[in-house]
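J.: Fold the following and give me the result.
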Amino acid sequence: MSKTYNIVVNGYGGEISVGKVEKSTYDYFQKNEIDIDEYYGDWDNLLNIPEEHKFVEPGKFYDCDDIAHESGCEMDKSNKIKVYDEDNNLVWSQKLDLDVLRNDGVVIEEQTLFDIKTESDGSCFYIGKSIEKGNFIDCAIELNTPFDLRKLTITVETIDNWKLLTYMRYDGEDLDNQGPDTDSKSFEQEFFMIGE
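T.: Residues are numbered from 1 along each chain as shown. Purely as a prediction, here's the structure:
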């Protein structure tokens, strides 16, 4: 007889977007002393920024993402992954700690999507980060055998030193995330040139 299990990942995390920006645009912002936070809210173009230097529409940080764009729960010991059976009984719970998860038998795939230390001097970037709290992953899976942690694979992606649990598979099959269900807590952004 098959049973349905729910895998829930919750805590703090968010959405991050990284894009490369032309140096001429970065220079324009610097020369005219335009703060990136000002530009973010410049809906009416009161700053009179020329079209060629509008690297992203105000308020739409997620569109500047030609390098990376991901959402997920931060790999932090205060955040949790939990498995429930169909009667809502807790089958397994663990903190989001790479070593602890590996010791429990979970397979972990790690990828680095953006590392500032590998970029060339003079390269210009925009990073927007929305900090959120809640359920980032909520998956239902139907199994004919008991849930086996050794068949669970999680993908951890590192973007600008932020490690996020972004995807999961079970027994080689992608799990369909019914979430996320999060509340926005804060927003951070950077506009910078490497080596400056």
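J.: quick one: the helices in the protein?
T.: Along the chain, counting by DSSP state H, helices occupy 23-31, 36-40, 98-103.
J.: ok, and for the second one, which residues are buried?
T.: The one in question is helix 36-40. Tyr39, Tyr40 (16 or more other CB atoms under 10 Å). Every C-beta, even on glycine, is put in place using the N, C-alpha and C of the backbone.
J.: and that helix, what other elements does it pack with?
T.: strand 181-193 (3 or more CB pairs under 8 Å, 6 or more residues apart in numbering; DSSP states H and E).
J.: Name every strand pairing with the strand it packs on and say which way it goes.
T.: strand 124-143 (antiparallel) (DSSP bridges).
J.: quick revisit: could you save the helices of the chain as TSV and add columns showing distance to Pro58?
T.: Conversion of the helices of the chain to TSV gives the following (distance: least, CB to CB, whole Å):
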stretch	distance to Pro58
helix 23-31	13
helix 36-40	6
helix 98-103	37
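J.: between the ones you listed, which gets nearest to Val8?
T.: Val8 lies closest, by CB to CB, to one member of the helices of the chain: helix 98-103, at 14.9 Å.
J.: Show the average pLDDT along that closest one.
T.: What helix 98-103 shows for mean pLDDT is 97.
J.: on that earlier part again, nearest to Glu196, out of the helices of the chain?
T.: helix 23-31 (8.9 Å).
J.: buried stuff in that closest one?
T.: Buried residues in helix 23-31 (16+ other CB under 10 Å): Thr25, Tyr26, Tyr28, Phe29.
J.: Identify the residues contacting it?
T.: Ile34, Ile36, Tyr39, Ile49, Pro50, Glu52, His53, Phe55, Gly122, Cys124, Phe191, Met193 (CB atoms under 8 Å, 6 or more residues apart in numbering).
J.: cutoff 10 Å now
T.: When contacts are defined by CB atoms under 10 Å, 6 or more residues apart in numbering, helix 23-31 is touched by residues 21-22, 34-36, 38-39, 47, 49-50, 52-55, 122-126, 191-193, 196.
J.: weakest of the helices of the chain in terms of mean pLDDT?
T.: Going by mean pLDDT, the lowest-scoring of the helices of the chain is helix 36-40, which has a mean of 93.
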